[in-house]
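Enquirer: Dropping a prediction and its sequence here:
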Amino acid sequence: MSIPIPSRQLFINGEWREPINKNRIPIINPATEQIIGDIPAATAEDVEVAVAAARNALTRNKGKDWGSATGAYRAKYLRAIAAKVTEKKDLLGKLEALDNGKPLDEALWDIDDVASCFEYYADQAEALDAKQKAPISLPMDTFKAHVLKQPLGVVGLITPWNYPLLMATWKVAPALAAGCTAVLKPSELASVTCLELAEVCREVGLPPGVLNILTGLGPDAGSPIASHPDVDKVAFTGSTATGSKIMSSAAQLVKPVTLELGGKSPLVVFDDVDLDQAAEWTAFGCFWTNGQICSATSRLILHENIATEFLDRLVKWVKNIKISDPFEEGCRMGPVISQGQYEKVLKFVSTAKSEGATVLCGGARPEHLKKGYFVEPTIITDVTTSMQIWREEVFGPVLCVKTFSSEDEAIELANDTQYGLGAAVISKDLDRCERVTKALQAGIVWVNCSQPCFCQAPWGGTKRSGFGRELGECSDERIVAVIMVGGPTKGTRFRPLSLNIPKPLFPLAGQPMVHHPISACKRIPNLAQIYLIGFYEEREFTIYVSAISNELKVPVRYLKEDKPHGSAGCLYNFRDTIMEDNPSQIFLLNCDVCCSFPLPEMLEAHRSYGGMGTILVSKVSAESANQFGELVADPVTNEVLHYTERPETFVSDRINCGVYVFSPEIFTAIGGVSSHRTNSANIRRITSFETLHSATRSLPSDFVRLGQDILTPLAGKKQMYTYETMDFWEQIKTPGMSLKCSGLYLHQFRVTSPHLLASGDGTNCATIIGDVYVHPSAKLHPTAKIGPNVSISANARVGAGARLVNCILLDDVEIKENAVVIHSIIGWKSTVGKWSRVQAEGNYNAKLGITILGESVIVEDEVVVIKSIVLPNKILNVSVQDEIIL
């Protein structure tokens with residue numbers, strides 16, 4: 001179909017402007033491979049002008065023109081845009097199909113969604129007016145407080161080519177509703193309708209500079225937006241690689257980002273489904289929009305009982321998909337976006353075949369289409385989890401298939417991905433659907449369908465699919481997590497005689513101990529910042545903090561204490577820093593806790609309780625509770641009625657797990673208790689830290705340590721509540737408990753992070769039994785037998801015939817030929833000689849229940865060490881049992 005492409009310039013400050021360098025980029029119709037027009041190519045110089053226009057529009061007339069105007073005022077413009085988009089629906093849909101290659105019907109439906117999204121955010125803009133100056137309940141009537149909602153500022157919006165106008169709208173509409181001004185940079189592969197959005201804004205009289213639209217290449221226009229000091233936030237949808245660069249650029253200026261990145265979403269189909277209906281959703285979930293959807297459910301995880309029949313029906317569905325020019329009647333699949341994408345998709349298919357997979361159908365250009373970037377919808381079977389087609393995003397019409405036999409196996413396969421954008425489950429058993437939904441690690445989970453999306457519901461991913469949410473109500477919630485890592489007091493740095501926790505970088509299941517609470521924080525919605533607080537030297541955490549910041553894509557910062565304030569005291573001491581992010585809620589986690597941390601569920605419960613704080617608790621026997629203190633809660637309301645760290649005359653059956661979520665009002669409460677303690681006599685507690693350092697260091701006489709029993713005054717006042725966890729919980733009080741917890745985390749990796757676990761066949765690599773972690777730099781002899789529950793750290797060496805069971809090997813450990821290590825921790829740079837044996841009974845609570853070798857201990861050949869603790873730098877040339885070698 002011949003439709004003229006409007007010739008447009010850059011849209012800056014409410015008018016069309018030629019790029020400063022006057023360059024343009026050709027538009028290629030992916031269905032014909034013909035050049036059909038061109039778009040302006042912006043560069044950094046144009047970005048400067050656009051950002052300046054956006055900044056001026058935000059503050060013009062003291063903000064009354066936009067930023068400080070009422071939501072109702074902004075809503076009028078959003079509704080006018082929606083109406084004009086509806087008026088131009090036919091033209092916009094045709095331009096979208098021509099530029100992007102999606103079937104015309106799909107393009108027209110997208111334009112309907114564009115108008116609906118602007119309408120929805122017009123409503124949200126009006127709703128903001130009612131939320132202004134919302135009062136905050138304070139414990140003192142003398143003072144008043146309220147919340148004032150203000151726009152963030154100038155936002156940079158960078159959008160993809162698969163839904164050109166709709167994805168742009170997802171970012172533009174909420175930004176404008178909130179009172180922000182924006183600079184939009186659509187993909188250079190499909191920008192035509194975004195330039196038409198500029199014309200719509202000009203026609204409805206949107207104030208100049210509120211929305212600026214720059215087309216151009218990513219490095220030339222997108223990168224300068226992301227790194228511009230006057231852009232207050234960046235929102236990006238696109239590839240994980242580009243998203244990582246944008247985050248790095250934004251991090252230099254500590255500006256927030258929202259990233260919606262790649263995906264490799266699973267669709268789990270159980271054996272109780274309607275086969276035709278499930279096959280239709282499977283085809284829709286992967287092949288809609290020509291297979292170019294970031295959330296495409298492109299990994300089919302299919303119950304083995306129905307695999308053959310289901311795939312037969314799925315192939316029939318797929319072969320009925322009409323592949324043609326997007327404007328042809330009945331077209332259901334058009335071309336992929338470009339020659340580069342076409343070649344990439346076919347390369348994925350050929351690699352899958354070379355790795356041993358089977359192309360069940362498709363995998364090539366349709367025979368009847370000689371021109372255009374068309375690829376047949378493709379189904380690939382006989383896939384293994386190590387294949388590229390299983391692990392990497394194709395972004396094209398390719399579905400890979402793997403079967404399962406149990407629900408647990410299905411969940412493990414579904415979560416076997418670095419991505420976490422979408423997932424789907426299809427089953428008639430709704431209880432099963434509920435279980436699987438909760439277990440899937442994804443930002444969006446569909447039940448008995450795939451891909452429906454509504455602007456009223458939040459959208460966004462986890463893991464390497466990005467973070468932050470788009471759509472849904474305007475959310476100002478920002479969550480901060482504070483993790484107490486302690487410090488080098490007696491026992492807290494791992495030493496053989498330690499009966500306290502190891503240092504936070506001590507490995508549990510191959511990961512630093514502090515990494516486990518940090519990993520749990522990945523599931524917290526709207527997480528803005530993580531703080532690690534302790535009195536180790538900052539240099540000990542520098543490399544780790546940098547690495548974990550990159551992994552989580554959330555700022556992580558280490559704060560060093562001057563003295564041991566206790567959990568609550570630490571929180572209070574750094575309150576000004578913590579409140580810099582204006583958090584809505586604050587998580588506090590102790591580092592010495594081993595559990596699965598149900599943090600999102602805790603947060604939801606905390607909101608519903610409405611109190612100042614919520615404590616994670618676990619039910620235990622009365623004898624166990626007696627070791628941890630007294631906690632009594634109402635069994636119906638969960639309100640904390642009584643709390644103390646020291647057991648009294650009666651014992652409850654709940655214990656504090658050392659995980660909390662607080663509202664910012666907690667600082668007022670801590671301040672009040674701190675003042676009371678300072679003014680009271682004989683209440684100061686002497687800590688182990690003070691005792692250890694009393695000979696060399698004195699603390700101020702007015703110093704008050706605030707531990708967890710700061711919560712005591714809040715009990716019985718409808719301010720503190722409990723949230724019960726049914727998961728394993730232990731406080732790591734001994735190295736033996738570290739060994740136990742390491743094994744538990746290794747087992748948990750089976751579901752959460754199977755890629756961290758080792759595998760072996762005894763021929764080319766060591767025999768692996770059960771759950772084992774091996775650092776990539778470690779060297780294992782093929783005849784070694786390892787597991788279960790073994791964690792091997794960096795640069796460790798395990799010799800021929802060695803046998804390892806339930807143990808931790810720290811960095812640079814050497815286990816020589818035919819040595820045996822069971823129920824033991826082998827310290828840094830230690831050596832176990834040939835035919836030697838280091839073992840214990842595995843009683844985690846006993847003082848000599850496990851054997852511990854300190855740093856640089858040498859056990860010579862044919863020496864047996866049983867149920868013993870050996871201090872660093874010792875050489876054992878005779879056998880020992882039930883000893884502490886000083």
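Expert: Great, that's in hand.

Enquirer: average pLDDT across the helix or strand Ser248 falls within?
Expert: Secondary structure from DSSP states H and E places Ser248 in helix 240-251. Per-residue pLDDT over helix 240-251 has a mean of 83.

Enquirer: in it, what's buried?
Expert: Neighbour counts over helix 240-251 (16 or more other CB atoms under 10 Å) mark 240, 242-247, 249-250 as buried. For every residue, glycine as well, the C-beta is placed using N, CA and C.

Enquirer: now do stretch 295-306
Expert: 295-303, 306.

Enquirer: Next, format these as CSV and append pLDDT.
Expert: Converted to CSV, these look like this (pLDDT from 0 to 100):
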residue, pLDDT
Ser295, 92
Ala296, 94
Thr297, 96
Ser298, 96
Arg299, 97
Leu300, 97
Ile301, 97
Leu302, 97
His303, 97
Ile306, 96
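
Enquirer: Turn these into JSON lines, columns for distance to Gln388.
Expert: Converted to JSON lines, these look like this (distance: CB to CB, whole Å):
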{"residue": "Ser295", "distance to Gln388": "20"}
{"residue": "Ala296", "distance to Gln388": "16"}
{"residue": "Thr297", "distance to Gln388": "18"}
{"residue": "Ser298", "distance to Gln388": "13"}
{"residue": "Arg299", "distance to Gln388": "13"}
{"residue": "Leu300", "distance to Gln388": "17"}
{"residue": "Ile301", "distance to Gln388": "18"}
{"residue": "Leu302", "distance to Gln388": "20"}
{"residue": "His303", "distance to Gln388": "25"}
{"residue": "Ile306", "distance to Gln388": "27"}
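
Enquirer: Out of these, the closest to Thr384 would be?
Expert: Among the buried residues of stretch 295-306, Arg299 lies closest to Thr384 (CB to CB), at 12.4 Å.

Enquirer: nearest residue to the closest one other than its sequence neighbours?
Expert: Distance criterion CB to CB, 6 or more residues apart in numbering; nearest residue to Arg299, sequence neighbours excluded, is Pro266 at 4.5 Å.

Enquirer: so that neighbour makes contact with Tyr419?
Expert: No - here Pro266 lies out of contact with Tyr419, judged by CB atoms under 8 Å, at a distance of 9.7 Å.

Enquirer: What helices and strands are in contact with the helix or strand encompassing Val51?
Expert: Per DSSP H and E: Val51 is located in helix 44-59. Contacting helix 44-59 under the criterion 3 or more CB pairs under 8 Å, 6 or more residues apart in numbering; DSSP states H and E are the following elements: strand 10-12, strand 154-158, strand 181-185, strand 211-213, helix 223-227.

Enquirer: nearest to Leu92, of the ones you listed?
Expert: strand 211-213 (14.6 Å).

Enquirer: what's the average pLDDT for that closest one?
Expert: Mean predicted confidence for strand 211-213 is 98.

Enquirer: Show me the helices in the stretch 301-450 of the chain, by range?
Expert: For the stretch 301-450 of the chain, the helices defined by DSSP state H, counting those that start in this stretch cover 307-319, 339-354, 388-391, 407-414, 430-439.

Enquirer: Out of the ones you listed, the one nearest Val183 is which?
Expert: Closest to Val183 of the helices of the stretch 301-450 of the chain is helix 339-354 (CB to CB; 26.3 Å).

Enquirer: List the buried residues for that closest one?
Expert: 341-342, 345-346, 348-349, 352.

Enquirer: again, but for stretch 567-581
Expert: Buried residues in stretch 567-581, counting neighbours by 16+ other CB under 10 Å, are found at 567-575, 578, 581.
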